[in-house]
Structures are given as structure tokens and as C-alpha cells.
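1. quick one: sequence and predicted model below, then my questions.
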Amino acid sequence: MSNVLEAFVRLSKMRMPTEELYWRTMNAWHPAVEKGFRIKMKTAPMPVRNVTAADTTRAYGEVLNIDLNATPIVHVAGTKGKGSTTAMTSQALLSGGMKVGTYTSPHLQRVEERVAVDGVPLDADVFLEAFHDVVDRLWTARAALEAKGLPPLPPFFQMMTLVAFGFFPRAGLDALVVEAGVGGRKDATNAVDNKLATVLTAISNDHLDVIGPGLEDVAREKLGICRPGIPLITPPQSFGLDDIIKAHAAAETAPLTVTRPTSDPRLENARLAHAAASTVLGHPPPVAPEGLTRHTPQGRFTVRQSGDCVYYIDGAHNGASMRHAMRWFESNEAPESSTLAFFCYPGKQLSAMLPILARPWGDVRVVVPTPKISPGCPMEALMDHDGAEGWSRELAGRVGRAMGRGGVGVGLEGVKGPVLVTGSLHLVGSVMSTLE
């Protein structure tokens with residue numbers, strides 16, 4: 001078993017994409033995986049069609065004796081701002097005297113960022129101990145898992161959820177703030193039923209291939225985190241979705257709070273967090289919404305300096321978020337004297353983002369953040385897309401470790417002026433790692 005953890009640590013230092021790290025480590029450990037349980041790097045098989053990640057996570061919890069409902073949660077879902085709202089809600093509850101755990105995704109630099117206590121991510125050793133505990137339970141329960149028709153290893157996100165919820169009861173927490181992964185109803189985090197409040201952030205076009213096809217479908221899927229009688233907090237929604245939310249809240253007899261409108265996305269998220277904390281505490285937290293805006297997570301509206309170069313970093317990866325990111329950048333810098341560093345997965349709303357980024361930039365670098373991401377990504381199609389006219393026809397390559405001291409690296413050598421890094425959380429995490 002110690003060899004498993006040693007492999008996990010060794011591979012993690014190579015900055016390998018985490019899901020590949022997970023499968024490589026587990027493949028070396030569990031013979032059943034080698035015999036065909038792993039179909040593709042990022043996909044674990046489901047024993048029954050139409051069984052959701054919430055269903056299987058709940059089943060794993062039962063077999064492994066991990067009590068997913070041991071600590072009550074504030075559950076956060078949405079399209080825009082759910083990571084920020086999760087972080088701000090944790091801070092608001094902390095200011096009210098509670099001991100708080102946080103579970104978020106994805107991580108930017110290190111996998112242990114996903115699990116935090118009182119706003120501080122777990123140390124690597126503590127995370128690995130929690131990971132080891134779940135691995136040990138999986139091995140011990142392998143016969144019981146097979147009897148229930150469950151794969152010997154859960155998919156990556158479900159594994160991380162089990163690691164987090166296996167650890168939290170040992171930390172003596174009053175409450176958890178949990179960010180849904182994708183969607184809500186089917187998500188692994190929705191295996192938890194012990195909820196203090198649910199929060200639905202702004203909804204827009206994203207993951208339509210998974211939880212769409214329409215925005216109404218997206219809203220209903222995310223509303224699936226609600227529970228009967230449990231308060232629901234949301235901002236005023238666009239696209240005519242308010243009526244759907246009101247009807248769902250009424251059907252669930254869930255008290256509905258709609259926060260005051262604002263054009264500032266950070267203040268909108270802070271008001272949601274403040275309202276959620278007020279619901280849990282029974283009174284407003286000591287910190288006001290305006291004070292909570294300082295607790296935006298890394299990778300959102302983040303500024304870093306390396307040498308003479310200033311990097312504006314925002315992981316916007318849909319049209320609505322990109323509008324906010326571009327407005328933030330232009331309030332500080334002029335694109336014509338700046339560099340755009342951009343990456344986007346195929347299908348990630350290029351049509352919505354590229355027109356927003358279509359500016360007379362001083363330089364444009366389409367950066368592939370890791371060598372494992374570039375195969376199969378038709379970046380040529382990105383370069384030919386409407387809105388990319390005038391962009392360099394060459395890929396800039398991947399962000400490299402050389403970027404550190406001198407402020408440059410593979411893909412970002414010779415950048416001039418300020419740099420806006422955006423389009424992908426993978427790119428954001430890679431740049432932040434190399435800037436450190």
C-alpha cells in the first residue's frame with residue numbers, strides 16, 4: 001500500500017494531469033483495473049445505465065462505511081461564480097464563529113486544494129493519509145463492491161468526494177460548504193442529503209452537451225440539489241429562468257431568497273454567500289458582502305507579477321464569465337499594448353468567447369498548458385474561428401517550467417506589456433504554478 005502513495009507523490013511532482021495521475025497510480029495497484037475495468041483514462045465504467053454519479057457515490061459510501069451525512073452542508077451549484085460563492089460562504093461562516101470544511105473543484109495547482117478546513121487547504125501529507133484510508137477501504141471491501149455491481153475503483157471525481165467526506169468527520173467541523181462538480185441532480189456531491197441551505201449561482205450556457213440541451217434543462221438539473229423545506233438562495237437570473245426557480249422552490253416547499261441585483265459579479269457572489277451564512281447562523285455574519293469580495297479564489301480576478309510583466313489571470317471559460325473578465329482587464333490595461341494568453345478545450349463556447357476577445361491585441365499566444373492536453377484538440381479550428389482574425393497562426397506551445405525566475409517560458413517567451421491569461425482553468429493553473 002505504501003508503494004501506491006509513493007507513486008502518487010512521485011507522479012504528482014511531475015505536474016501530470018490529475019485524472020491521469022489517479023489512473024496510473026491505481027492501475028499499478030489494482031489488478032482488476034489492468035484486466036479491463038479502466039476503459040479510458042478519464043472514464044470509469046458504470047455498472048447500470050442511467051445510474052447517476054450521486055447514486056454510485058451514495059452506494060460507495062454505504063459499502064465503505066463513509067457517512068456522507070455526518071456533517072451538514074451548504075450546497076452550491078450554478079454556472080458562474082460557484083467557486084467564488086463557495087469560498088465566500090466559508091469565510092462568512094468562519095466570521096460567525098463556526099468551524100468550516102470546504103470541498104471545491106477543480107484544483108488549480110495541487111489536488112489537496114479541493115479539501116480545506118477553515119479556509120486552509122489540507123497539507124499534502126494529510127490529504128494522502130485520507131486518500132490512503134479510502135484506498136484501504138476499497139481493497140478491504142472489494143468482494144462487497146463486486147456483489148453490489150460496483151467497479152473496484154470509482155471515477156476520479158467520485159473518489160475525491162469520498163476522500164473529502166471520509167476526512168471531514170475527523171476534523172470536528174460544524175458545517176461544510178460543498179461546490180457541485182457538473183450540474184447538480186446527478187452530481188456526486190448530491191449524494192449528501194443533510195443540507196442546511198442550497199445556493200444557485202448565475203446560470204448561463206455551459207456543459208450543454210451534458211446537462212442541456214436548453215438553459216431550462218440546465219436550470220432544472222442544477223435545481224436538483226434542492227431538498228424539501230431547505231432554504232434556496234439565488235440571484236436574479238437572466239434568460240427568463242426566475243419563474244422556473246420559483247416554481248421549483250414552491251414544489252419543494254423550499255423558502256426562496258433572491259438577492260439584490262448588481263452588475264458586479266463579485267458582489268453578486270458575495271451577497272449570495274452572505275445570505276447563505278445568515279440562513280445557517282440565524283443572523284447576519286459580522287462581515288458585510290463588500291468585505292467578502294476580498295475572498296475570491298485564486299485564478300479568478302487574480303493579479304501576479306513576474307519580473308517586469310504583470311499577469312491578469314482569470315479562468316473564464318464561457319461567454320458570460322469572459323465578458324466580466326474582459327471588463328476587469330480593460331479597467332486596468334489597454335489590449336493594444338498587452339498580450340492575450342488563451343487556451344480553450346474544443347466545444348467550450350468558442351463562439352461566445354472569441355468575439356469578446358476580438359481586440360487589436362499587441363500579441364496573442366494560444367498556449368497549450370500541458371503536453372497531455374494537446375493531442376486531439378483541434379486548435380487549428382480555433383484559429384480559423386470567427387473572432388480570431390489577426391491572431392498568430394502558430395500555436396505558442398505549452399507553458400514551461402522555465403517561466404519562473406525570468407518571467408518567461410515555453411509559449412510565453414518575449415511577452416510584452418501586461419498579459420491576460422484566460423479561457424481555461426488548466427491554463428490558469430499551469431501559469432500560476434510556473435509563476436511561483
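-> Done, it's in. Remember, it's a predicted structure, so these values are computed and weren't measured experimentally.
2. give me the contact list for the host helix or strand of Thr85.
-> Assigned by DSSP states H and E, Thr85 belongs to helix 82-95. Applying Cβ atoms under 8 Å, 6 or more residues apart in numbering, the external contacts of helix 82-95 come out as 74, 76, 78, 100, 102, 104, 116, 118-119, 174-175, 177-180, 199, 201, 265-266, 269-270, 272-274, 276-277, 280-281, 285-287, 292-293, 295-297, 300. Every residue, glycine included, has its C-beta placed from N, CA and C.
3. out of the residues you listed, list just those in strands.
-> 74, 76, 100, 102, 116, 175, 177-179, 199 (DSSP state E).
4. ok, now which ones touch Glu290?
-> Glu290 neighbours (Cβ under 8 Å, 6+ apart): 267, 270.
5. phi, psi of it?
-> phi -60, psi -30 (degrees, to the nearest 10).
6. over to Leu420?
-> phi -100, psi 120.
7. again with Tyr312
-> Backbone torsions for Tyr312, taken as degrees, to the nearest 10, come to phi -100, psi 120.
8. try Gln298
-> As for Gln298, its main-chain torsions (degrees, to the nearest 10) stand at phi -60, psi 140.
9. leaving out chain neighbours, which residue sits closest to it?
-> Nearest non-adjacent residue to Gln298, counting by Cβ to Cβ, 6 or more residues apart in numbering: Leu108, 6.2 Å away.
10. what pLDDT does the one you found get?
-> Looking at Leu108, its pLDDT reads 84.
11. and Met326, what element?
-> Using DSSP H and E, the element containing Met326 is helix 319-330.
12. and that helix, how far out from the chain's middle?
-> Centroid displacement of helix 319-330 relative to its chain, using Cα atoms, centre = their mean, to the nearest Å, is 19 Å.
13. quick check: which ranges of this protein have low pLDDT?
-> Within the chain, the ranges that satisfy pLDDT under 70 run 1-50, 206-212, 346-348, 368-411.
14. ok, the closest residue to Gly61 other than its chain neighbours to Ala54 distance?
-> Leaving aside its sequence neighbours, Gly61 sits nearest to Leu68 (Cβ to Cβ, 6+ apart; 4.7 Å). Leu68 sits 10 Å away from Ala54, going by Cβ to Cβ, to the nearest Å.
15. so what sits against both of the two?
-> Each of Ala191 lies in contact with both Leu68 and Ala54 under the rule Cβ under 8 Å, 6+ apart.
16. number of nearby residues for the residue nearest to Gln298?
-> Using other Cβ atoms under 10 Å, Leu108 is surrounded by 20 other residues.
17. how near is it to Ser430?
-> In this view, Leu108 and Ser430 are 9 Å apart by Cβ to Cβ.
18. ok, Met159 next?
-> Met159 is 23 Å from Ser430, where distance means Cβ to Cβ.
19. also Tyr311?
-> Using Cβ to Cβ, one obtains 12 Å as the distance from Tyr311 to Ser430.
20. of those two, which one has the most company?
-> Ser430 (27 against 22).
21. mind checking what secondary structure the more buried one has?
-> Ser430 falls in the helix class when you classify it by DSSP: H, G, I helix; E, B strand; the rest coil.
22. circling back: which residues does the residue nearest to Gln298 contact?
-> Residues near Leu108 by Cβ under 8 Å, 6+ apart: 298-299, 315, 425, 428-429, 432-433.
23. output those as CSV; include the columns distance to Asn205.
-> Output for the contacts of Leu108, formatted as CSV (distance: Cβ to Cβ, whole Å):
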residue, distance to Asn205
Gln298, 25
Gly299, 21
Gly315, 17
Leu425, 17
Val428, 20
Gly429, 23
Met432, 26
Ser433, 29
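24. hmm, which two among those residues are most spread apart?
-> The distance between the two most remote of these (Cβ to Cβ) is 13.6 Å, for Gly315 and Ser433.
25. quick one, which of those two is more surrounded?
-> A direct count of neighbours by other Cβ under 10 Å for Gly315 and Ser433 places Gly315 higher, at 25 against 17.
26. mind checking how far that one is from Phe343?
-> Note on Gly315: its distance to Phe343, by Cβ to Cβ, is 11 Å.
27. overlap in contacts of these two?
-> Ser424.
28. restricting to C-alpha, output whichever strand or helix holds Leu196 in PDB.
-> Per DSSP H and E, Leu196 falls inside strand 195-200. In PDB, the C-alpha atoms belonging to strand 195-200 read as follows (Å, rounded to 0.1, in the frame of the first residue of the first chain):
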ATOM      1  CA  LYS A 195     -28.300  20.200   3.900                       C
ATOM      2  CA  LEU A 196     -28.600  23.500   5.700                       C
ATOM      3  CA  ALA A 197     -29.100  25.600   2.600                       C
ATOM      4  CA  THR A 198     -28.700  25.300  -1.200                       C
ATOM      5  CA  VAL A 199     -27.300  28.100  -3.300                       C
ATOM      6  CA  LEU A 200     -27.900  28.500  -7.000                       C
END
